[in-house]
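Engineer: sequence below, structure please.
(2 chains)
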Amino acid sequence: MTAVRTRFAPSPTGVLHLGGLRTALYNWLFARRHGGEFFLRIEDTDRQRSSEAHTKGLVEALGSFGLDLDGEPLLQSSRVERHREVARALLERGAAYRCYCTPEELAAMREEQRARGEVPRYDGRWRDRAGPPPVGVKPVIRFRRPDAEEVVVRDWLHGEVRYRNSQLDDLVLLRADGSPTYHLSCVADDHDMGVRQVIRGDDHLNNTPRQLQLIEALGWEPPEYCHLPLLLAPDGRKLSKRDEATDALSYLRAGYLPEAVLNYLARLGWSHGDREIFSISELIECFGREGLGASASRLDPDKLNWIGQQHIKTAAVDILCEGLRAQLESIGLNPEDGPPLEKVVEAWRERAETLAGMAKAARWAFSHEVELAEKAARKVLRPAAREPLAAARAALAGVAEWSAPGIHACIAETAESLGIGFGKLGQPLRVAVTGDTVSPPIDTTLDLAGRARTLERLGAALGYIEARAAAAAGSAAQG
RNA sequence: GUCCCCAUCGUCUAGUGGUUAGGACACCGGCCUUUCACGCCGGCAACAGGGGUUCGAAUCCCCUUGGGGACGCCA
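Structural biologist: As a prediction, this is how the structure comes out:
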């Protein structure tokens, strides 16, 4: 097997989006799988649209997902001298030439071609032009496309893709201001970095024949290519950059575990038998080009949620605690002012899809007041619940050890003495303490709320029932 | 417009000439249960259409349709 060296080469014109993250992931997985190297190259040759902030953001985002780099990120802009050198070499050996067309002239040319129903492409008018160049026009350097019949791209997913050479034109290598363009930079950098596998988006497939010709003209060894299909929005449309769901980091902010996002992304366009859940190391173990699919896939939030939950179920407690802490803080709650986070995590690890969801569901264990959900209160905190609640409150006040088993015994005893089922007592308690009808098992719930909060809220609930009874009596008397 | 890519349940996919077309998410039942969830059992549900090749096509070829991409002194 040849050496494995992959790279992710985004342009710093925005945040890291999901499609980019998946491309990075596949490159990373492939390198890690084969003990190769994974590089990051920032394609910032378009200074107009590139920004340092985005570069930083890209590097940090990859780090947040745990995709570690070999070596420092390479800024393409730092290599323009080398790119010019390559262009000069091509010029010297006649594989490139100067073109003195103005942008206006080119635009007019394309317009005419389009009008004639032709494919707009440079017609090579300066290819072999002799004589003096026009004054006042700075030339660009164009690549002299070779005269082959066709160019064949060998791709992991698409096999041999054939392009008629006549469809290609003489691409610009160096702009009039001397700055290199994408194809030149990309080819030169990949070569100099020793990149052997180019795994990138499908949108580059049509660029590949040109790059292949360039590589050939330079006498270099072409890398292997893999053009990944696109990621689509859930509705099947193209993923919009303005869409919040496009920002890879937004999933971390929403409380998904990084490995859950990676697991989901990995399975989107790649499969390994019937297997759905992978840890990062399992992904590295299993990942291979055999499992790659060639068709575009849609994002499915439901499936992401399910995978998110599967990972929370098995994640390490301290990781979960750390994430939960951040999520609690972000909704204005003090993680110290409540039960130990490990307990919260254990209570919810099988019922949360995200850490944000967990924090939200557990907010009653950290907040001072509990908001009664109107529907739940109306349904459960009825006059009939008054006596059981009062009895439970009295009994709970005297529980020797405030723990789930202790609480359980206490509630069971109270229910029995009242001649009602455990569940009959559980729901009023739950609504009183958490404000709603859904929470972990009631003993655990009360344990998490703590004795003080529990007793206080039971008192409040009793008050609520009183008030309601009074109101009912009032309206009955009036009617 | 030209070129290129893609096409199996609603979604992600398995399948590589002979399968009752498998799994997962979602959805619908049921079990478990102290609410919710987890878990378990069951159900619904697909080879885009048309031609070939073949004893036999989801699998190979062609066309159509549909979706996507590329056609810059952007990357």
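
Engineer: which non-adjacent residue is nearest residue A:321?
Structural biologist: residue A:341 (4.2 Å; CB to CB, 6 or more residues apart in numbering). The way it works is simple: take the backbone N, C-alpha and C, and place the C-beta from them, glycine included.

Engineer: wait, what's in contact with the one you found?
Structural biologist: Residue A:341 makes contact with A:321, A:324-325, A:335, according to CB atoms under 8 Å, 6 or more residues apart in numbering.

Engineer: which one of those is nearest residue A:276?
Structural biologist: Proximity of these to residue A:276 (CB to CB) peaks at residue A:324, which lies at 24.8 Å.

Engineer: what helix or strand is the closest one on?
Structural biologist: helix A:317-330 (DSSP states H and E).

Engineer: and that helix, C-alpha only, in PDB?
Structural biologist: Extracted in PDB, the C-alpha atoms of helix A:317-330 (Å, rounded to 0.1, in the frame of the first residue of the first chain):
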ATOM      1  CA  VAL A 317     -19.900  10.400  33.300                       C
ATOM      2  CA  ASP A 318     -17.300  13.200  33.600                       C
ATOM      3  CA  ILE A 319     -17.700  14.200  30.000                       C
ATOM      4  CA  LEU A 320     -21.400  14.300  30.400                       C
ATOM      5  CA  CYS A 321     -21.100  16.300  33.600                       C
ATOM      6  CA  GLU A 322     -18.900  18.800  32.000                       C
ATOM      7  CA  GLY A 323     -21.200  19.300  29.100                       C
ATOM      8  CA  LEU A 324     -24.200  19.500  31.400                       C
ATOM      9  CA  ARG A 325     -22.600  22.100  33.500                       C
ATOM     10  CA  ALA A 326     -22.100  24.300  30.400                       C
ATOM     11  CA  GLN A 327     -25.600  23.800  29.300                       C
ATOM     12  CA  LEU A 328     -27.100  24.700  32.700                       C
ATOM     13  CA  GLU A 329     -25.000  27.800  32.800                       C
ATOM     14  CA  SER A 330     -26.200  28.800  29.400                       C
END
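
Engineer: near RNA strand B, which residues of the stretch 1-150 of chain A show up?
Structural biologist: A:11, A:43, A:45-46, A:49, A:76, A:101-103, A:106, A:110, A:117, A:119-122, A:140 (CB under 7 Å from any atom of the strand).

Engineer: just the buried ones from these?
Structural biologist: Applying 16 or more other CB atoms under 10 Å to those, the neighbour count classes A:11, A:43, A:45, A:76, A:101, A:106, A:110, A:122, A:140 as buried.

Engineer: neighbouring contacts of the helix holding residue A:324?
Structural biologist: A:255, A:257, A:312, A:334-335, A:341-342, A:344-346, A:349, A:355-356, A:358-359, A:362-363, A:366.

Engineer: that helix near RNA strand B at all?
Structural biologist: No - judged by CB under 7 Å from any atom of the strand, helix A:317-330 stays clear of RNA strand B, getting no closer than 14.8 Å.

Engineer: show me what contacts residue A:41?
Structural biologist: A:7-9, A:73-74, A:76, A:189, A:193.

Engineer: do the same with residue A:44
Structural biologist: Contacts of residue A:44 (CB under 8 Å, 6+ apart): A:11-12, A:50, A:55, A:75-77.

Engineer: okay, now the residue nearest to it when sequence neighbours are not counted: neighbour count?
Structural biologist: Of all residues not flanking residue A:44 in the chain, residue A:50 sits nearest, at 3.9 Å (CB to CB, 6+ apart). Neighbour count of residue A:50, defined by other CB atoms under 10 Å: 19.

Engineer: the stretch 201-350 of chain A: helices as residue ranges?
Structural biologist: A:208-218, A:248-253, A:258-267, A:280-286, A:301-314, A:317-330, A:341-348 (DSSP state H, counting those that start in this stretch).

Engineer: any idea which of those is most buried?
Structural biologist: Compared across these, helix A:258-267 shows the largest average neighbour count, a mean of 24 (mean count of other CB atoms under 10 Å).

Engineer: packing partners of that helix?
Structural biologist: helix A:18-33, helix A:248-253, helix A:280-286, helix A:301-314 (3 or more CB pairs under 8 Å, 6 or more residues apart in numbering; DSSP states H and E).
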